[in-house]
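Asker: What follows is a predicted protein model with its sequence.
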Amino acid sequence: MDRTDRELAVAISHLSFLRATEKHRLYRSVPSLEVLLRLSRDDLADVIGRRLYTRSWAPDRLGPIVRRDMAFLEQRRISLVTVGDPAYPHWLAEIYDPPFLLFIWGKPLPVDEPLLALVGTRNPTYEGTTAARSLAREAADAGVPVVSGLARGIDTAAHRGALEAGGATVAVLGCGIDTVYPAQNRELAARLIGRGGSIISEYPPGTPPRQFNFPERNRIISGLSRAVVVVEAPQRSGALITADYALEQGRDLLVHRVAETSPRAAGAMSLVSDGATTVAGMSDVARACGDAFAAPTATAAHRRGAGAGGARPAGPPHAPAGVQLALELEAELEAELEGGGNG
């Protein structure tokens with residue numbers, strides 16, 4: 001993707017009033033940012049094929065925003081990939097509403113190899129945390145990259161487990177690529193990138209961690225994956241949203257056996273009651289998923305992230321305004337997201 005295409009894609013990613021398919025149509029129809037900024041609202045409606053009632057189309061303000069974003073993306077060596085590009089993950093491209101654009105910090109995403117998602121509550125038991133780390137280590141040892149959401153609790157344990165085994169892991173954000181949420185995981189995010197993993201988001205820089213972003217984020221976690229393992233999840237856990245997406249997308253939905261004795265896993269056990277298979281390790285996962293994880297196709301770079309030579313951050317992921325916002329919102333959002341995010 002050359003600079004002209006990158007500028008145009010970044011600009012279109014800011015048009016939150018458009019659906020993903022409409023963003024892709026606009027991207028295919030308009031040759032450059034300069035042409036996009038000359039369109040009226042009616043012109044825009046003609047391109048996407050429906051009337052627009054929004055007043056959010058403000059091309060005079062969009063140009064400076066894109067220039068700011070491009071400076072940040074180039075400084076941090078963040079890559080972009082649009083749906084339809086050969087580098088776009090095939091598993092994600094096949095879902096009902098794949099993201100128009102992915103911002104990728106770190107190593108390019110695996111295109112067609114199976115990934116394993118581990119999700120669960122932000123407030124796990126000790127046993128749940130241990131189970132998530134152990135399964136993530138086993139996945140890394142088998143050459144299977146682990147996907148999660150970089151949230152507190154099970155997500156953090158999953159990323160750490162994969163890194164402990166020298167494997168690659170992918171973190172999907174519910175905010176812009178310039179903000180690590182929660183802020184306490186900035187060091188983990190930097191380690192993840194430095195070890196050959198990836199941090200990704202469909203949201204442009206400057207997007208704060210709003211509650212409604214996280215269910216959208218969860219469809220990407222499941223969409224990237226061949227199977228989703230719910231470790232611990234109470235009845236109102238956002239991890240159950242990821243589980244719903246997994247079923248909708250035709251992914252294997254599994255529940256870790258630790259949930260059978262956990263006081264914080266009523267939601268996970270309801271999945272078992274509905275037919276989800278329980279697993280305790282990668283051998284169980286491989287058995288439940290047929291041949292998908294029996295003979296991993298991961299390249300050596302993804303088997304061992306530490307030697308992958310992925311892009312290293314110039315420093316811990318941050319943008320001053322974004323981090324400050326995350327710090328201010330963290331206490332308030334954590335309680336809300338337990339019932340609406342991946343937790």
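Answerer: Now that the structure is in, tell me what you want to look at.

Asker: List the contacts of the closest residue to R25 other than its chain neighbours.
Answerer: If the residues on either side of it in the chain are set aside, R25 comes closest to I48, at 5.8 Å by CB to CB, 6 or more residues apart in numbering. Glycine gets a C-beta too; all of them are placed from N, C-alpha and C. The neighbours of I48, taking CB atoms under 8 Å, 6 or more residues apart in numbering as the test, are 18, 22, 25-26.

Asker: now with 10 Å?
Answerer: Counting by CB atoms under 10 Å, 6 or more residues apart in numbering, I48 touches 15, 18-19, 21-26, 29.

Asker: Identify the farthest-apart pair in those.
Answerer: Across these, the longest distance by CB to CB is 14.8 Å; it joins R19 and S29.

Asker: so what's the spatially most central residue of the chain bridging to?
Answerer: Nearest residue to the geometric centre of the chain (CA atoms, centre = their mean): V172, 2.1 Å. On the basis of DSSP bridges, V172 is bridged to I200.

Asker: Let me know whether it touches I200 as I believe.
Answerer: Yes - V172 lies in contact with I200 (CB atoms under 10 Å); the separation is 5.6 Å.

Asker: Buried ones only from the contacts of I48, please, as a PyMOL command.
Answerer: Selecting the buried subset of those in PyMOL, with 16 or more other CB atoms under 10 Å as the burial test, is done by:
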select buried, resi 15+18+22+23+24+25+26
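
Asker: Among the contacts of I48, which are located in helices?
Answerer: 21-26, 29 (DSSP state H).

Asker: Could you export those residues as JSON lines, including pLDDT and distance to L37?
Answerer: As requested, these are exported to JSON lines (pLDDT from 0 to 100; distance: CB to CB, whole Å):
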{"residue": "T21", "pLDDT": "92", "distance to L37": "22"}
{"residue": "E22", "pLDDT": "95", "distance to L37": "18"}
{"residue": "K23", "pLDDT": "96", "distance to L37": "16"}
{"residue": "H24", "pLDDT": "94", "distance to L37": "19"}
{"residue": "R25", "pLDDT": "95", "distance to L37": "18"}
{"residue": "L26", "pLDDT": "96", "distance to L37": "13"}
{"residue": "S29", "pLDDT": "96", "distance to L37": "14"}
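
Asker: Closest to V255 out of the residues you listed?
Answerer: T21 (33.0 Å).

Asker: distance of the closest one from G166?
Answerer: Between T21 and G166 the distance, using CB to CB, to the nearest Å, works out to 39 Å.

Asker: cool, R55 as well?
Answerer: From R55 across to G166, the span is 51 Å (CB to CB).

Asker: the more surrounded of the two?
Answerer: G166 (16 against 8; other CB atoms under 10 Å).

Asker: looking at it, that one is touching R195, isn't it?
Answerer: Yes - in this structure, G166 sits in contact with R195. The criterion is CB under 10 Å, and the distance is 7.6 Å.

Asker: Let me see the ranges of the strands in the stretch 201-343 of the chain.
Answerer: Remark: strands assigned in the stretch 201-343 of the chain by DSSP state E, counting those that start in this stretch are 227-230, 252-256, 277-279.

Asker: Which helix or strand contains the residue nearest to Y27 when sequence neighbours are not counted?
Answerer: Leaving aside its chain neighbours, Y27 sits nearest to I12 (5.5 Å; criterion: CB to CB, 6+ apart). Under DSSP states H and E, the secondary-structure element containing I12 is helix 3-13.

Asker: what angle do that helix and helix 20-29 make?
Answerer: Helix 3-13 and helix 20-29 are oriented at 150 degrees to each other (axes from the mean of the first three to the mean of the last three CA atoms, to 10 degrees).

Asker: From the contact counts, what lies against helix 3-13?
Answerer: Applying 3 or more CB pairs under 10 Å, 6 or more residues apart in numbering; DSSP states H and E, one finds that helix 3-13 makes contact with helix 20-29, helix 33-37, helix 59-76, strand 79-82, strand 101-106.

Asker: Just put these in CSV and tack on distance to E232.
Answerer: Supplementary listing: those in CSV, determined by distance: least, CB to CB, whole Å:
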stretch, distance to E232
helix 20-29, 31
helix 33-37, 45
helix 59-76, 34
strand 79-82, 33
strand 101-106, 28
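
Asker: Comparing those, which comes out most buried?
Answerer: Mean neighbours per residue, mean count of other CB atoms under 10 Å, is largest over the helices and strands packed on helix 3-13 for strand 101-106, with a mean of 25.

Asker: could you dump that strand to PDB, C-alpha only?
Answerer: What follows is the C-alpha trace of strand 101-106 in PDB, where atoms were taken according to Å, rounded to 0.1, in the frame of the first residue of the first chain:
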ATOM      1  CA  LEU A 101      -9.100  -1.500   7.700                       C
ATOM      2  CA  LEU A 102      -6.700  -2.900  10.300                       C
ATOM      3  CA  PHE A 103      -4.000  -0.900  11.900                       C
ATOM      4  CA  ILE A 104      -1.200  -3.300  12.800                       C
ATOM      5  CA  TRP A 105       1.600  -2.500  15.200                       C
ATOM      6  CA  GLY A 106       4.300  -5.200  15.100                       C
END
